[in-house]
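> Requesting a structural model of the entry that follows:
(one chain, ligands or ions: 1)
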Amino acid sequence: MSRHTCVVGLGWGDEGKGKVVDLLAGRHDIVVRYNGGANAGHTVCIGDRTFSLHLLPAGVLRDGVAAVIGPGVVIDPLSLSREIAALENQGMEINKNLRISDRAHLVLPHHTLQDRLSEQRAGDGGKLGTTVRGIGPCYADKMRRMDAVRVCEVEDRARLRERVAEILARRFRELGSLFGEDGIPNDLNEQSAAFCNACAKLVPFICDCSEYLFGRVDAGARLLFEGANGVLLDVDHGTYPFVTSSATGSGGVANGAGVPPSWVGRVVGVTKAYSTRVGSGPFVTELEGSLADYIRTRGREFGTTTGRPRRCGWLDLVTCRYAARLSGASALAVMHLDTLAGLDEIAVCTAYETKSGRIMRPPARLDLLKSARPVLEKLPGWSEAIRDCPSLEALPAAARSFLRRIEEYVGCPVAIVSLGPKREQTLVDETALEC
Ligand code: IMP
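Numbers count the residues shown, from 1 in each chain. This is a model prediction of the structure:
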């Protein structure tokens with residue numbers, strides 16, 4: 001088995017990848033983010049302290065572990081400097097171990113503005129429900145190869161100032177004619193200056209990440225690739241168009257981190273014991289009313305990035321298996337098992353009933369997916385509080401059967417079970433993790 005590991009979310013984000021990355025970071029030397037941007041939200045609890053991460057790889061919280069933001073990530077320098085400052089205020093020193101790819105792209109203020117204005121115009125019925133962090137518009141400019149600014153350009157400050165001022169003036173003007181002048185800020189010069197100042201703070205971290213990673217791996221380093229968002233938000237394989245704009249699964253690692261595909265070895269697929277989704281888009285197992293509230297409240301299901309209440313539903317094994325297969329998951333991490341405690345009965349979705357018949361794979365067609373009804377399999381619940389359970393064997397029988405059903409359906413062993421937000425509230429089956 002390869003020395004390197006990839007952690008991917010098997011849902012629509014928010015699966016608890018941050019906790020798994022934090023846990024596994026101690027067994028690796030470098031954590032590499034390969035996709036997305038500040039749309040991601042990772043919460044890591046260490047002792048009594050809670051840290052919120054958006055762009056920084058969760059590895060920054062481990063001593064002696066380097067953190068790399070790869071070329072496939074889109075970076076908003078303003079948001080990154082705020083994130084670094086917030087961690088420093090909490091007493092974390094992260095700078096010396098951080099590296100940022102010179103080939104990554106920058107999210108400019110007009111990207112964020114465009115994201116917000118498009119969502120506002122689309123309204124409740126039509127919007128994607130983005131995180132409004134400018135992710136889609138930035139990736140679009142990258143692909144169009146127009147007005148895209150890469151991190152390497154930050155080193156020439158005079159040229160950067162000139163380019164950014166020109167791009168912003170033109171793009172703000174264009175947005176004004178598309179969406180109306182009312183939504184366009186009139187502090188262009190200030191925005192341009194603040195952006196360039198934040199860019200200047202990136203300079204000490206910029207490097208050719210591939211070269212850096214090759215050198216470290218030659219010297220024996222083990223890498224941990226940290227996926228953001230989740231496979232169901234993947235631009236090619238997710239519930240399109242209600243997806244993000246990057247390759248979120250293990251397929252995105254090679255390009256997004258700048259490493260050979262053969263380096264993707266062990267893949268840990270992370271799912272919650274139930275499903276959640278923020279933003280718009282189909283969600284076959286979605287619950288409403290008191291059951292949804294029970295899960296939302298106990299699981300603290302409110303977005304780390306936007307604070308939005310998350311939609312909650314039963315664990316969708318159909319999408320879980322689909323995502324695990326696509327990612328080549330070799331082990332599963334099941335998070336928030338404690339959240340389900342106290343329910344007499346729980347359920348998992350094992351198939352979809354659609355107008356074209358019963359299916360066990362999410363259809364590409366949005367109309368089919370939207371109208372699909374979940375085929376639910378009922379399982380007994382458990383009443384015991386399990387947060388401090390010392391081992392997998394000591395879990396209530398119903399919780400163990402639930403985990404076994406997931407393994408059986410997805411075809412992958414459960415290696416990590418999370419029973420609460422803290423590092424120590426985690427059970428690990430070392431054999432399953434290594435296989
Ligand atoms: P964007 O990535 O901001 O363009 O948002 C596109 C869709 O992905 C929206 O439905 C967002 O709510 C969702 N999304 C993006 N990143 C995350 C994440 O890390 N967790 C949960 N949802 C996300």
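> Start and end of stretch 204-214, how far apart?
Between the opening and closing residues of stretch 204-214 there is a gap of 20 Å (C-alpha to C-alpha, to the nearest Å).
> got the buried residues for that stretch?
For stretch 204-214, the buried set under the neighbour-count rule, 16 or more other C-beta atoms under 10 Å, comprises 205-210, 212-213. C-beta: built from backbone N, CA, C; applies to glycine.
> how deep is G37 tucked in, by neighbour count?
Residues near G37, counting by other C-beta atoms under 10 Å, number 31.
> Please report how far the residue nearest to it when sequence neighbours are not counted lies from L53.
With sequence-adjacent residues excluded and distances taken as C-beta to C-beta, 6 or more residues apart in numbering, G37 is closest to V74, at 4.1 Å. Computed with C-beta to C-beta, to the nearest Å, the distance linking V74 and L53 is 16 Å.
> again with V270
Going from V270 to L53 by C-beta to C-beta gives 15 Å.
> Can you pull the residues of the stretch 251-400 of the chain lying near the ligand?
Contacts of the stretch 251-400 of the chain with the ligand, taken as C-beta under 6 Å from any ligand atom, map to 278-279.
> which residue does the stretch 251-400 of the chain bring closest to the ligand?
G279 (2.3 Å; C-beta to the nearest ligand atom).
> what's next to stretch 278-293, contact-wise?
With contacts defined as C-beta atoms under 8 Å, 6 or more residues apart in numbering, stretch 278-293 is touched by 12-14, 127-131, 239, 242-243, 275, 277, 295, 303, 306, 308, 310-316, 318-319, 343, 349, 352, 366, 369-370, 372-374, 376.
> By mean pLDDT, point me to the weakest helix or strand of this structure.
The helix or strand of the chain with the poorest confidence is strand 42-46; it has a mean of 80 (mean pLDDT, DSSP states H and E).
> isn't Y274 right next to L317, touching?
No. Y274 lies out of contact with L317 (C-beta atoms under 8 Å); the separation is 11.3 Å.
> ok, V270 and L53, which is more surrounded?
Legend: neighbour count by other C-beta under 10 Å for V270 and L53, higher for V270 (29 against 26).
> helix/strand/coil for the more buried one?
Remark: V270 carries the secondary structure label strand [criterion: DSSP: H, G, I helix; E, B strand; the rest coil].
> got the contact list for it?
7-10, 15-17, 20, 332-333, 335.
> quick one, what contacts the closest residue to V149 other than its chain neighbours?
Distance criterion C-beta to C-beta, 6+ apart; nearest residue to V149, sequence neighbours excluded, is L106 at 4.7 Å. Residues in contact with L106 (C-beta under 8 Å, 6+ apart) are 74-77, 138, 149-151, 154, 199.
> those helices in the stretch 1-150 of the chain, which residues are they?
17-25, 77-89, 109-126, 135-144 (DSSP state H, counting those that start in this stretch).
> P390: which of the ones you listed is closest?
Ranking the helices of the stretch 1-150 of the chain by their distance to P390 (criterion: C-beta to C-beta) puts helix 17-25 first, at 16.6 Å.
> close to the ligand, is that closest one?
No. Taking C-beta under 6 Å from any ligand atom as the criterion, helix 17-25 and the ligand are apart, separated by no less than 8.7 Å.
> Check which helices and strands that helix sits against.
Using 3 or more C-beta pairs under 8 Å, 6 or more residues apart in numbering; DSSP states H and E as the contact definition, the elements that helix 17-25 packs against are strand 5-9, strand 42-46, strand 223-226, strand 266-272, strand 331-335, strand 414-418, strand 426-428.
> Can you tell me which of the ones you listed has the worst average pLDDT?
Lowest mean pLDDT of the helices and strands packed on helix 17-25: strand 42-46, a mean of 80.
> on contacts alone, who are the packing partners of it?
Taking 3+ C-beta pairs under 8 Å, 6+ apart as contact, the helices and strands that strand 42-46 lies on are helix 17-25, strand 49-53.
> what about dumping the CA coordinates of the shortest one to PDB?
Included here for strand 49-53 are C-alpha records, laid out as PDB according to Å, rounded to 0.1, in the frame of the first residue of the first chain:
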ATOM      1  CA  ARG A  49     -10.600  24.900  21.600                       C
ATOM      2  CA  THR A  50     -12.500  24.900  18.300                       C
ATOM      3  CA  PHE A  51     -10.800  26.000  15.100                       C
ATOM      4  CA  SER A  52     -12.600  26.900  11.900                       C
ATOM      5  CA  LEU A  53     -10.600  26.400   8.700                       C
END
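> ok, and for it, which residues are buried?
Of the residues in strand 49-53, 51-53 count as buried by neighbour count, 16+ other C-beta under 10 Å.
> What is the nearest of the residues you listed to the ligand?
Comparing the buried residues of strand 49-53 against the ligand with C-beta to the nearest ligand atom picks out L53 as the nearest, at 10.8 Å.
> surely that closest one meets I46?
No. Using C-beta under 8 Å, L53 and I46 do not qualify as a contacting pair, with a distance of 12.0 Å.
> what is in contact with the two at once?
Taking C-beta under 8 Å, 6+ apart as the contact criterion, the residues that touch both L53 and I46 are L61.
> on that earlier part again, filter the contacts of V270 to the buried ones?
The neighbour-count criterion (16+ other C-beta under 10 Å) marks 7-10, 15-17, 20, 332-333, 335 among those as buried.
> Mind putting those into JSON lines with distance to G265?
Shown next, in JSON lines, are the buried ones among the contacts of V270 (distance: C-beta to C-beta, whole Å):
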{"residue": "V7", "distance to G265": "12"}
{"residue": "V8", "distance to G265": "13"}
{"residue": "G9", "distance to G265": "18"}
{"residue": "L10", "distance to G265": "18"}
{"residue": "E15", "distance to G265": "20"}
{"residue": "G16", "distance to G265": "22"}
{"residue": "K17", "distance to G265": "17"}
{"residue": "V20", "distance to G265": "16"}
{"residue": "L332", "distance to G265": "16"}
{"residue": "A333", "distance to G265": "16"}
{"residue": "M335", "distance to G265": "22"}
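> quick one, longest helix in this protein?
Using DSSP state H to define each element, the chain has its longest helix at helix 157-179.
> contacts for it?
Counting by C-beta under 8 Å, 6+ apart, the neighbours of helix 157-179 from elsewhere in the structure are 108-110, 113-114, 117, 121, 147, 149, 153-154, 183-185, 188-189, 191-192, 195-196, 199-200.
> Swap in 10 Å and give it another go.
Identification of contacts with helix 157-179 by C-beta atoms under 10 Å, 6 or more residues apart in numbering yields 106, 108-111, 113-114, 116-118, 120-121, 137, 141, 146-149, 153-154, 156, 181-186, 188-189, 191-193, 195-197, 199-200, 203.
> Please compute how far that helix lies from its chain's middle.
30 Å (C-alpha atoms, centre = their mean, to the nearest Å).
> returning to that earlier point: least reliable of the helices and strands packed on strand 42-46 by average pLDDT, please.
Across those, the stretch with the lowest average pLDDT is strand 49-53; it has a mean of 87.
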